[in-house]
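**Student:** Sequence below, structure please.
(chains A and B, ligands or ions: 5)
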Amino acid sequence: MFATLSDRLTSTFKNLRNKGRLSEADIDATVRQIRRALLDADVAVPVVREFTGRVRERALSAEVSGALNPAQQVVKIVNDELISILGGSARPLSFAKVPPTVIMLAGLQGAGKTTLAGKLALHLREQGHTPLLVAADLQRPNAVTQLSVVGERAGVPVYAPHPGVASELEVPTGDPVQVAIDGVAEARAKVHDVVIIDTAGRLGVDGELMAQAADIRAATNPDEVLFVIDAMIGQDAVTTAKAFLDGVDFTGVVLSKLDGDARGGAALSVASVTGRPIMFASTGEQLRDFEAFYPDRMASRILDM
Amino acid sequence: SPLGAKLLEVLSRDSLSEDDWDEIEELLLLADMGAGPAGELLDDLRTEVRVRGLADPAQVRDLLREKLVALVNPDLDRTLNLAGGTDEQGEPLPAVVLVVGVNGAGKTTTVGKLTRVLVAEDKSVLLGAADTFRAAAADQLQTWGARVGVETVRSQRDGADPASVAFDAVKEAKAQGVDVVLVDTAGRLQNKTGLMDELGKVSRVIQKEAPLSEVLLVLDATTGQNGLTQARVFTEVAGVTGIVLTKLDGTAKGGIVVAVQRELGVPVKLVGLGEGPDDLAPFDPDQFVDGLLGDQ
Ligand SMILES: Nc1nc2c(ncn2[C@@H]2O[C@H](COP(=O)(O)OP(=O)(O)OP(=O)(O)O)[C@@H](O)[C@H]2O)c(=O)[nH]1
Ligand SMILES: Nc1nc2c(ncn2[C@@H]2O[C@H](COP(=O)(O)OP(=O)(O)OP(=O)(O)O)[C@@H](O)[C@H]2O)c(=O)[nH]1
Ligand SMILES: [K+]
Ligand SMILES: [Mg+2]
Ligand SMILES: [Mg+2]
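**Tutor:** Ligands and ions are numbered 1, 2, ... in the order given. This next block holds a predicted model:
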C-alpha cells in the first residue's frame, strides 16, 4: 500500500521499461492509481470518471511522452486539472449596491451553518460592517438559542422574534419565511448594512423544506446564498449539491470542518457538478476559524501530497 | 429506484463485460463502501460467478446481495446493553450510556430519541449534558428531555469541565436510583488530540461511579471514507460498543459502516431516520443492504 498518490505513481513508473515514452498500457496503469486516490479521497464516482478521462487524454499527449520525468509530469497534470476545477482564486463576497446586503445560509443538517453565521458576522464586523443575524431556524431544538449565543460571542445583534423549538415550546411557532422578511426589514430600519440569515438544516429529498428555503430566497432576494457542506461527506455530495442548486440556486460554497483529517474530495465534486465557486473554508469551532478557500491547498490535500 | 433498475439492467446483459463489472463496482462505490472493500467484494463475486458457472443475471444479483448481507453480518448482537452493574454492596447501579462522535453527527438528537424510547418502556432516565462547549448544547438536550419529563444534569456555565458534569450526572442517577443515565458529549474531530484526551477523561471519571454499559458512536450516513478513521480513533479512546447510523432518511447510504464493522467488529445498533422524536429504529441488515443496492 502506498500512502500518497506521488508514491503510488512513482512505484507505477518504476516498472516501466522505457521511462521516457509511455505506452498506452503504462498510462492506463497510472490512471488507475489516480482513480483510486480520488476515490479514497471521497471524490464522487461520476466526477472521478470524467476527471480521469481528461487526465488520460492529456497524459497520452506529447507533453508527457517527451518529459524527462513522466511521473512528475502526470502528477503536475493532475494537480493543474484539480486546481482548475476548484477555481483559480477564491471569489470575495458580493455586496449589494444599496444596502443591506443579504446573505442566506443553506445546507444539510449539522453542516455548520449556525457556526458559520457567527464567523461571517464577526469577520464582517471587523471589516467595519454592521451585520445583523437573523434566526430563521425555528425547527431544530434551541437553534435560536444557539444563534443568540453565537451572536453574543461575535458581538453582533440577533433578530429572533420567535424562540423556535425550546423547552417551553414543544411545537415550532412562527414562520421562517416571515422571520427572514422581517429580519431584512429590521436591518433596513436599524441601518445594518449586512443581514445573515441562518436557516434550518434540510435534506435534498425533503421537498417541503426545500420549498421553504426557496421561499426564503425569493422573499429576501439575497446577494449571496452560501451552501455549507461538511468536508467529511462522501458520495452523497453530488446528489445533495444538485438538490440545493435546484432548490435554492446557491451562489457560493463553504467547506466546513476542514480542520479534520478528511481528504475533502467533496470540494471537487461540488465545484465540478455545480460550477459554483468554493469561497470559504471553516476550520474549527471557534468564531475565528474561518478563511478564504485556497484551491491549491485543497488539491494537495485531496491528492495527499 | 434508479440505482436498483440500473443494477438490474447491468446484470441483465448476456455476458458481463469488463465495463459491466466496473459499473457494478461503481454502484458499491456510490454507497460509500470504499474502493478497497468494493474491489474485494467484486473480485470475490466474479470468482464465485465463474466457479459456479452462473449465467443468469438474477442469480448474480442474488449472490451479490447475499455477499453484502454476509458482510454486514446479521448474526451480530445488536441489542443495547442496558443492564447496570452492581456496587460493592451488591446494590444495583444505573446503566450508563455514553454518546460520542464528531461535530454535528446527531448525538444530542439521538440521546433525545433514545430517551423517549426508554421512557416508553417504563424506564426511569436521567440525562447528563457533558457538552459544555457548543453554544446552547445543554439547552438543546434539556429540551429533548423536557419533552418526555426527563431531568437533565448540566452546568450553568459554558466551558465547565465536561468530566465533572458527567460524573455529577452518574452520581445523581445513582442517588435517584434511575435505570439509565444517558451522557451526551460535545462533538469532536478525531484528529484533535486534546479533545480526544478530554473524552478519555470523561469516560474514566464516569467509571469511578459506575461501569459503562454502552458507548455509542454516532456516525452520519453522509460520511465518506473518514468514517472509518472516526470509528478507529473513537474506539481506541472511548471503547465504542455500538454504532448509531444517523440521517439515513436522506439519499446517503451509509456504506462506510460495512468497513467499520468488519475492521472493528463494532455492530451498528440503531439508525436515525429523521429529526423527529420517533425517528430512531433498530438496525436491520437486510433493509440496510436493500438501501445499499438502491432497492428501497
Ligand atoms: N471542528 C469543526 N467543527 C465545526 C465547524 N463548523 C461547525 N462545527 C461544529 O459542527 C457542529 C454543527 O454546527 P452547527 O453550526 O450547529 O451546524 P448547522 O448546520 O447549523 O446544524 P443544524 O442547524 O442542526 O442543521 C457544532 O458542533 C459546531 O461546533 C468547523 O469548521 N470545524
Ligand atoms: N434528517 C435527519 N436529521 C438528523 C438526524 N439526526 C440528527 N439530525 C439533525 O442533525 C443536526 C445535528 O444534530 P445534533 O443532534 O445536534 O448533532 P450533535 O452530534 O449533537 O452535534 P454537536 O453536539 O454540535 O456535535 C440537527 O439538525 C438534527 O436535527 C437524522 O437521523 N435524520
Ligand atoms: K438512505
Ligand atoms: Mg443551525
Ligand atoms: Mg450535541
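
**Student:** Helices of the chain, start to end?
**Tutor:** Looking at chain A here, since you left the chain open. Along chain A, the stretches classed as helices by DSSP state H are A:5-14, A:24-40, A:45-60, A:62-65, A:70-86, A:113-126, A:143-154, A:176-189, A:207-220, A:236-248, A:266-274, A:295-303.

**Student:** my question was about chain B
**Tutor:** Secondary structure of chain B (DSSP H): helices at B:2-12, B:18-30, B:35-51, B:57-72, B:107-120, B:137-147, B:162-176, B:193-209, B:226-238, B:256-264, B:285-292.

**Student:** Quick one: closest of those helices to A:A292.
**Tutor:** Nearest of those to A:A292, taken as Cβ to Cβ: helix B:226-238 at 23.4 Å. Yep, even glycine has a C-beta here, placed from its N, CA and C like the rest.

**Student:** any residue of that closest one up close to ligand 1?
**Tutor:** No: using Cβ under 6 Å from any ligand atom, we find that helix B:226-238 stays clear of ligand 1, coming within 12.4 Å at best.

**Student:** How far away from the center of its chain is that helix?
**Tutor:** Here helix B:226-238 is found 12 Å from its chain centre; the criterion is Cα atoms, centre = their mean, to the nearest Å.

**Student:** Identify the residues contacting it?
**Tutor:** Contact with helix B:226-238 is made by A:42, A:232, A:234, A:260-263, B:32, B:34, B:98, B:100-102, B:190-191, B:196-197, B:199-200, B:203, B:215, B:217, B:219, B:223, B:240, B:243, B:256-257, B:259-260, B:263-264, B:266, as judged by Cβ atoms under 8 Å, 6 or more residues apart in numbering or on different chains.

**Student:** For the residues you listed, which PyMOL command selects only the ones that are buried?
**Tutor:** In PyMOL, this line selects whichever of those come out buried by 16 or more other Cβ atoms under 10 Å in any protein chain shown:
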select buried, (chain A and resi 42+232+234+260+261+262+263) or (chain B and resi 32+34+98+100+101+102+190+191+196+199+203+215+217+219+223+240+243+256+257+259+260+264+266)
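
**Student:** near ligand 2, which residues of the stretch 151-300 of chain A show up?
**Tutor:** A:201, A:203.

**Student:** so where is the stretch 151-300 of chain A shaky, pLDDT-wise?
**Tutor:** The stretch 151-300 of chain A contains residues with pLDDT under 70 at A:167-172.

**Student:** Also the stretch 151-296 of chain B?
**Tutor:** B:295-296.

**Student:** Can you name the residue of it nearest to ligand 2?
**Tutor:** Going by Cβ to the nearest ligand atom, ligand 2 is nearest to B:G187 of the stretch 151-296 of chain B, at 2.1 Å.

**Student:** How many residues are close by the residue of chain A found nearest ligand 1?
**Tutor:** For chain A and ligand 1, the shortest gap (Cβ to the nearest ligand atom) falls at A:G201, measuring 2.3 Å. Applying other Cβ atoms under 10 Å in any protein chain shown, we find 23 residues neighbouring A:G201.

**Student:** Next: B:E18.
**Tutor:** Residues lying near B:E18 (other Cβ under 10 Å) number 7.

**Student:** Then the one 5 residues further on?
**Tutor:** B:E23: 17 surrounding residues under other Cβ under 10 Å.

**Student:** for A:A266, same thing?
**Tutor:** Other residues close to A:A266 by other Cβ under 10 Å number 32.

**Student:** how about the nearest residue to it, chain neighbours excluded?
**Tutor:** Leaving out its chain neighbours, the residue that sits closest to A:A266 by Cβ to Cβ, 6 or more residues apart in numbering or on different chains is A:A237, at 3.9 Å.

**Student:** A:A143 now?
**Tutor:** A:D137 (3.9 Å).

**Student:** List the contacts of that neighbour.
**Tutor:** A:113-114, A:143-144, A:147, A:164, A:176, A:198-201.

**Student:** Could you give the bridge partners of the residue positioned nearest the centre of chain B?
**Tutor:** Compute the mean C-alpha point of chain B, and by Cα atoms, centre = their mean the closest residue is B:V244, 2.0 Å away. B:V244 has the following beta-bridge partners by DSSP bridges: B:V218, B:L270.

**Student:** Pretty sure it sits against B:P267.
**Tutor:** No: counting by Cβ atoms under 8 Å, B:V244 does not reach B:P267; the two are 10.8 Å apart.

**Student:** List, one by one, the residues from the stretch 151-296 of chain B near chain A.
**Tutor:** Residues of the stretch 151-296 of chain B that fall close to chain A, judged by Cβ under 8 Å from any Cβ of the partner chain: B:158, B:189-192, B:220-227, B:229, B:247, B:249-253, B:256, B:275.

**Student:** circling back: list the contacts for the residue of chain A closest to ligand 1?
**Tutor:** Residues near A:G201 by Cβ under 8 Å, 6+ apart: A:107-111, A:113, A:137, A:140.

**Student:** For it, what are phi and psi?
**Tutor:** Backbone torsions for A:G201, taken as degrees, to the nearest 10, come to phi -70, psi 150.

**Student:** Check the one 3 residues further on too.
**Tutor:** Main-chain torsions, A:G204, degrees, to the nearest 10: phi -60, psi -30.

**Student:** Contact partners for it?
**Tutor:** Counting by Cβ under 8 Å, 6+ apart, A:G204 makes contact with A:108, A:210, A:239-240, A:242-244, A:247, B:250-251.

**Student:** Mind checking which of the residues you listed are buried?
**Tutor:** By 16+ other Cβ under 10 Å, the contacts of A:G204 give A:108, A:210, A:239-240, A:243-244, A:247, B:250-251 as buried.

**Student:** Reformat these as a markdown table; add distance to A:V254.
**Tutor:** Below are the buried ones among the contacts of A:G204 laid out as a markdown table (distance: Cβ to Cβ, whole Å):
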| residue | distance to A:V254 |
| --- | --- |
| A:L108 | 12 |
| A:M210 | 19 |
| A:T239 | 19 |
| A:T240 | 14 |
| A:A243 | 17 |
| A:F244 | 12 |
| A:G247 | 17 |
| B:G250 | 19 |
| B:T251 | 21 |
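
**Student:** Closest to A:E24 out of these?
**Tutor:** Taking Cβ to Cβ as the measure, A:E24 sits nearest to A:T239 out of these, at 34.0 Å.

**Student:** what residues are up against the closest residue to that closest one other than its chain neighbours?
**Tutor:** Once flanking residues are discounted, A:T239 sits nearest to B:T251: 4.6 Å by Cβ to Cβ, 6+ apart. By Cβ under 8 Å, 6+ apart, B:T251 lies in contact with A:203-205, A:236, A:239-240, A:243.

**Student:** tell me the phi and psi of B:T251?
**Tutor:** When read as degrees, to the nearest 10, the backbone of B:T251 gives phi -90, psi -10.

**Student:** rewinding a little: for the closest residue to the residue of the stretch 151-296 of chain B closest to ligand 2 other than its chain neighbours, give me the pLDDT.
**Tutor:** Spatial nearest neighbour of B:G187, excluding adjacent residues (Cβ to Cβ, 6+ apart): B:N103 at 3.3 Å. As predicted, B:N103 sits at a pLDDT of 98.

**Student:** same thing with B:G85?
**Tutor:** B:G85 is assigned a predicted lDDT (pLDDT) of 87.

**Student:** Just to check, it is in contact with B:Q207?
**Tutor:** No: between B:G85 and B:Q207 there is no contact under Cβ under 8 Å: 10.1 Å.

**Student:** Now restrict the residues of the stretch 151-296 of chain B next to chain A to buried residues only.
**Tutor:** If we count by 16+ other Cβ under 10 Å, those have these buried: B:189-192, B:220-227, B:229, B:247, B:249-253, B:256, B:275.
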